[in-house]
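1. Fold the following for me, if possible:
(one chain, ligands or ions: 1)
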Amino acid sequence: MGKNIGIIDVDGHNFPNYALMKIAAYHKSKGDTVGWADIGNYDRTYLSKIFTFSPDFSGGLGKYGELIKGGTGYDIASKLPIEIENSKLMDYSLYPQHQYSVQFLSRGCIRKCPFCLVREKEGYIKPYEPVELNPKGKWIEVLDNNFFANPEWKSSIDYLIGTKQKINLHGVDVRIMNEEQAYWLNKLKLKRNIHIAWDLPELDLTEKLKEITKYIPAYKIRCYVLVGFNSSIEQDIYRLRKLKEFGIAPFVQPYRDFKNERKPSQYEKDLARWANKMWTFKSCDFSEFQPRKGFRCSHYLNGFEKAKAGGAILNYGQVSSKHQSENECSTCS
Ligand code: SF4
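-> Numbers count the residues shown, from 1 in each chain. So this is what the prediction gives:
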């Protein structure tokens, strides 16, 4: 007789939990009964917690049997049992509200960015066999950390083209992108913009952005910009104004530490509020942005821009003539 297996997604159900879908499908294939653990009696219960900041499961009315906890939120080194890790079965019926598939075509990364746990958790990049697709899926979320660093990226592209589905590609490392990769990226049916990142302020990606926007239209690109991790305001503004010059939409992400103890500063929140809305980003410079009545963000820039301009506030970026003349942005006042 099969076992009764309970599963708990500690982070909530906002994004399908890859490990729990694998666990559920594996146990069902062995004749076990699997369901969200609530008030029943279970032989075994799996808990998955990806984020450290999610409150831990505090117990409920069920009898949970053997408890198995996994995910970065519990232990960065946690791994699935090998027989489940090697299984390609996925139980998408756990998340009927999410009508897409999730795939990793590689795990790990070639880099060791100082704010990121991927290398510690997954090691150096290696190809990964695709798992089952969601039979009701309308597109595929490709969760690779660094898609084109995979030595077998071309096989991954062939696989994705073969699915004939739209693709949302999460990790594209602009530093290694070349014309051939851009060519194949353009062959994919993309669900959303291509996500790149300019996280390290000491790297100047200007030449690389100039090169890739020759191959990929800038409107198809969204660039994540990490702020609050060893970057100065000047470095943040430099990166954002460069993106604006190229016509690339930014997404400012204030740094969150592993334990989620760090709180974003008011400056970081204001910067994100300005940059992450296309309308405000395009229509005014950060120096003109007024997130609150009586407060203009030129306040943050005065230190370095006055020094550069000999007292005047510099306007980089494509500020409209209306805004230049009024030195104020009506949309954000
Ligand atoms: S490139 Fe991305 S995934 Fe790789 S270490 Fe840096 S932040 Fe992490």
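2. where do the helices sit along this structure?
-> With DSSP state H as the criterion, the chain has helices at 18-29, 82-85, 118-122, 153-163, 179-187, 206-215, 233-246, 266-275, 278-283, 298-309, 321-326.
3. Once you drop chain neighbours, what's closest to Gln97?
-> Nearest non-adjacent residue to Gln97, counting by Cβ to Cβ, 6 or more residues apart in numbering: His13, 7.3 Å away. Glycine gets a C-beta too; all of them are placed from N, C-alpha and C.
4. now Arg296
-> Gln290 (5.1 Å).
5. what do you get for Phe148?
-> Nearest to Phe148 is Gln181, by Cβ to Cβ, 6+ apart, at 5.0 Å.
6. and the one you found, how far is that from the ligand?
-> 15 Å (Cβ to the nearest ligand atom, to the nearest Å).
7. now the helices of the chain in CSV, with mean pLDDT and mean neighbour count?
-> As requested, the helices of the chain are arranged in CSV below (pLDDT from 0 to 100; neighbours: other Cβ atoms under 10 Å):
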stretch, mean pLDDT, mean neighbour count
helix 18-29, 97, 21
helix 82-85, 94, 11
helix 118-122, 92, 16
helix 153-163, 97, 16
helix 179-187, 94, 15
helix 206-215, 96, 15
helix 233-246, 96, 20
helix 266-275, 97, 19
helix 278-283, 95, 15
helix 298-309, 72, 14
helix 321-326, 28, 12
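8. picking that back up, number of residues surrounding the residue nearest to Arg296?
-> 19 (other Cβ atoms under 10 Å).
9. and what of Ser78?
-> 16.
10. My guess is it contacts Glu85. True?
-> No - Ser78 lies out of contact with Glu85 (Cβ atoms under 8 Å); the separation is 11.4 Å.
11. How about the residues of the chain by the ligand?
-> Contact residues, the chain versus the ligand (Cβ under 6 Å from any ligand atom): Cys109, Arg111, Lys112, Cys113, Cys116, Val118, Arg119, Asn145, Asn146, Asp173.
12. Name the nearest residue to the fourth one, ignoring sequence neighbours.
-> Put plainly, it is Cys113. Asp199 (6.5 Å).
13. From Val227, how far off is the one you found?
-> Distance, Asp199 to Val227, by Cβ to Cβ, to the nearest Å: 9 Å.
14. same deal with Leu243?
-> Looking at Leu243 against Val227, where the rule is Cβ to Cβ, the gap reads 13 Å.
15. Over to Pro135?
-> 41 Å.
16. Tell me the spatial nearest neighbour of Asp75, not counting adjacent residues.
-> Lys69 is the one closest to Asp75 (Cβ to Cβ, 6+ apart), at 7.5 Å.
17. shouldn't that neighbour be in contact with Arg44?
-> No - counting by Cβ under 8 Å, Lys69 does not reach Arg44; the two are 11.8 Å apart.
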